[in-house]
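# based on what follows, work out the 3D shape:
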Amino acid sequence: VPPTLDAAPITIDPAALAHAADSGLMELLTPDMGGTHVDLAVLTEAHGYAASSVPIADLAIAAWLLSSAGIDTNDSLTGAAQSGGHRSSPVPMAADLTTVAVGRHVGEKEYLTLVSAPSLVAMSTLDLTRSWARV
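Numbering: from 1, shown residues only. As a prediction, this is how the structure comes out:
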């Protein structure tokens with residue numbers, strides 16, 4: 001019996017994640033796949049409609065950021081966040097992620113840091129389909 005929303009923490013469904021990885025959804029915005037932001041919007045809407053716990057948009061944006069920066073994650077599950085101080089922007093399903101790509105603007109420069117096994121600050125939200133945290 002799968003866990004219910006109020007009885008256990010929400011985690012990424014391994015079958016849905018495997019499907020997303022096998023179909024290339026997480027690498028949609030990278031040059032190899034050639035997807036557009038419109039494609040990502042349609043896929044994100046479909047996953048939202050299905051109440052999927054897989055944060056497709058965040059995973060695709062993280063893959064694009066890492067690809068643009070020439071960083072290889074060795075197929076680790078990487079999310080994306082923006083930092084403006086001691087904590088990041090909210091990251092969906094952060095507890096299930098292997099790494100988080102954290103971007104930051106300092107002056108006129110942009111920096112990207114790949115954080116492995118990040119320290120997380122859990123958030124309480126109205127979103128019952130996934131957990132949220134800040135890095």
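# so, low pLDDT: which residues of the chain?
Within the chain, the stretches with pLDDT under 70 are 1-9, 75.
# can you give me the helices for it?
Counting by DSSP state H, one finds helices in the chain at the ranges 14-23, 37-49, 56-69.
# any chance of those helices in TSV, plus distance to residue 124 and mean neighbour count?
Heads up, the C-betas are built off the backbone N, CA and C, glycines and all. Putting the helices of the chain into TSV (distance: least, C-beta to C-beta, whole Å; neighbours: other C-beta atoms under 10 Å) gives the following:
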stretch	distance to residue 124	mean neighbour count
helix 14-23	24	14
helix 37-49	20	14
helix 56-69	19	21
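# including distance to residue 77, could the ones you listed go into TSV?
As requested, the helices of the chain are exported to TSV (distance: least, C-beta to C-beta, whole Å):
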stretch	distance to residue 77
helix 14-23	8
helix 37-49	16
helix 56-69	7
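# buried set for stretch 113-131?
Buried residues in stretch 113-131, counted by 16 or more other C-beta atoms under 10 Å: 114, 115, 118, 120, 130, 131.
# chain center to it, what's the gap?
10 Å (C-alpha atoms, centre = their mean, to the nearest Å).
# who touches it?
5, 9-11, 51-53, 55, 66, 71, 73, 78, 87, 90, 92-95, 97-104, 132-135 (C-beta atoms under 8 Å, 6 or more residues apart in numbering).
# which PyMOL command selects the buried ones in these?
To isolate the buried ones among the contacts of stretch 113-131 in PyMOL, judged by 16+ other C-beta under 10 Å, type:
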select buried, resi 10+52+53+55+66+73+78+90+92+93+94+97+99+100+101+102+103+132+133+134+135
